[in-house]
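>>> only the shape, not the letters, is given here:
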DNA sequence: ACATTTCTTGACATCATGTCCAGTTGACAG
DNA sequence: CTGTCAACTGGACATGATGTCAAGAAATGT
């Protein structure tokens, strides 16, 4: 892979990123134009649209240091704190990836590859949820009627991208309100009353 | 509109209903075949796919008496009870309309008409949420940091179809668990602690 | 029996993805 | 300077879905 090829690849990913960020419907030809190459050249780098979108999310993850940001919650001294830190990290990451996420979710229904890619990424988020829930459980603060899996399902679902879309875009909440309210809501969902 | 025409229309809607219920991807030609007519005849009754899907939801609403079922929560003696009854009514309605809902949500990104239709239906659900929240507020039990709109947004978001899909299909929850947990969760989300 | 509405058949337009191929350009090696 | 290789271009084409159009068949009502 020559350096020119790397440049082109990066130009494509940046172009896809920029266009998707704007929220518009993005065709392969739009991305090609934005990257300054022919539509066919896209297919020399990415065999399908799904591949391109998936590569774009990885590109974004790298650029935005998502791993580091999510890992920050590991420093927490309590389960409750860890949950709050995780909600903050993930909740503030959503808007940055929302354009790509949206495109990938829209393809889920028709494309297996896209579905697997997105579900894999969400599974990673679930692991973060589980770690916080496990710590809460270790602290003896897990709501009595919940087991760890169920509690993880709950937190994970609360933190889904569609929920962010609804509160933030449909209901018009600010990002700060969203994060604040999600911290409270996830706590109340899984931490035993009275703690 | 002759009676034969009515019959055909109904046959189409029933065909669409049945196919969508199965969860598969449904083309216009599939619906035509299932209804026993030509693909072109569909367009004599419904100008576009979106129109057909929208008509199918209305057809379902009628067949399933959704209005009566949602209205049942109006008999509640307290805000808390009203919320529980609403969660139960709507939560148990979701699986019955899920096939059509799924198709309509998938079209949202590309079709204005579909987006408006779906958003209109969701707005009706929001009104049900708001009624419950208003009664809770009147009972003096609304969580102190929430106003009525914000609390309604929260309950409404918790009860969204994507959340149902995630818990029920992705996480494998039973319908009973979903409803039970949603009752608890919506309560904890909007009712002041200690009540 | 006639007229009108409904439905069928088949051809066609459109739009996006993805494939194929012949030819061009640019960099680098000998 | 020249030949080679890889990346890229341009154009044509296949596919699959929605939606349109027009000519005729069939059923229905009067």
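Arrived safely. What you see is a predicted model, and the numbers here were worked out from it, not measured in a lab.

>>> and the lengthiest helix in chain A, does that touch chain B?
Ranked by residue count and defined by DSSP state H, the top helix of chain A is helix A:79-107. Yes. Using C-beta under 8 Å from any C-beta of the partner chain, helix A:79-107 comes into contact with chain B via A:102, A:106. Glycine gets a C-beta too; all of them are placed from N, C-alpha and C.

>>> list the buried residues in that helix.
A:79-91, A:93-94, A:97-107 (16 or more other C-beta atoms under 10 Å in any protein chain shown).

>>> again, but for stretch A:11-18
Judged by neighbour count (16+ other C-beta under 10 Å), stretch A:11-18 contains these buried residues: A:12, A:13, A:14, A:15, A:16, A:17.

>>> list the contacts of the closest residue to residue A:96 other than its chain neighbours.
Leaving aside its chain neighbours, residue A:96 sits nearest to residue A:64 (5.8 Å; criterion: C-beta to C-beta, 6 or more residues apart in numbering or on different chains). Residues in contact with residue A:64 (C-beta atoms under 8 Å, 6 or more residues apart in numbering or on different chains) are A:93, A:96, A:97.

>>> same question for residue A:18.
Here residue A:18 is in contact with residue A:34 (C-beta under 8 Å, 6+ apart).

>>> what's the helix or strand for it?
Using DSSP states H and E, the element containing residue A:18 is helix A:3-21.

>>> give the next helix or strand downstream of that helix.
Taking DSSP H and E, what comes next after helix A:3-21 is helix A:28-35.

>>> any idea of the mean pLDDT in that next one?
Summarised as a single mean, pLDDT over helix A:28-35 is 98.

>>> so which elements touch it?
helix A:3-21, helix A:39-45, helix A:49-64 (3 or more C-beta pairs under 8 Å, 6 or more residues apart in numbering or on different chains; DSSP states H and E).

>>> need the contact partners of it.
With contact meaning C-beta under 8 Å, 6+ apart, helix A:28-35 is reached by A:8, A:11-12, A:14-16, A:18-19, A:38-39, A:41-42, A:49, A:52.

>>> break chain A down into its domains, please.
Domain segmentation of chain A under automatic domain parsing yields A:3-46, A:63-190.

>>> which among those is found nearest to DNA strand C?
Minimum separation from DNA strand C across the domains of chain A (C-beta to the nearest atom of the strand) falls at domain A:3-46, 3.7 Å.

>>> say whether DNA strand D is contacted by that closest one.
Yes. On the criterion C-beta under 7 Å from any atom of the strand, domain A:3-46 is in touch with DNA strand D at A:4, A:5, A:8, A:36, A:37, A:38, A:40, A:41, A:44, A:45.

>>> buried ones among these?
Listed as buried from the residues of domain A:3-46 next to DNA strand D are A:8, A:37, A:45; burial here means 16+ other C-beta under 10 Å.

>>> residues touching the most centrally placed residue in chain A, list them.
Computing the C-alpha centroid of chain A and ranking residues by C-alpha atoms, centre = their mean puts residue A:94 first, at 5.3 Å. Listed by C-beta under 8 Å, 6+ apart, the contact partners of residue A:94 are A:101, A:161, A:164.

>>> low pLDDT regions in chain A?
Counting by pLDDT under 70, chain A shows low-confidence ranges at A:1-6.

>>> now with 90?
Scanning chain A with the threshold set as pLDDT under 90 gives A:1-7, A:67, A:71-72, A:109-110, A:194-195.

>>> quick one on the thing from earlier: export the contacts of residue A:64 to a markdown table and tack on distance to DNA strand C?
As requested, the contacts of residue A:64 are exported to a markdown table (distance: C-beta to the nearest atom of the strand, whole Å):
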| residue | distance to DNA strand C |
| --- | --- |
| A:93 | 26 |
| A:96 | 23 |
| A:97 | 20 |
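
>>> quick check: residue A:164 touching residue A:91?
Yes. The criterion here is C-beta atoms under 8 Å, and residue A:164 meets it with residue A:91 at 7.3 Å.

>>> give the residues shared as contacts by the two.
Shared contacts of residue A:164 and residue A:91, defined by C-beta under 8 Å, 6+ apart, comprise residue A:178.

>>> hang on, the earlier thing: which two from the residues of domain A:3-46 next to DNA strand D end up farthest apart in space?
A:4 and A:40 (16.9 Å; C-beta to C-beta).
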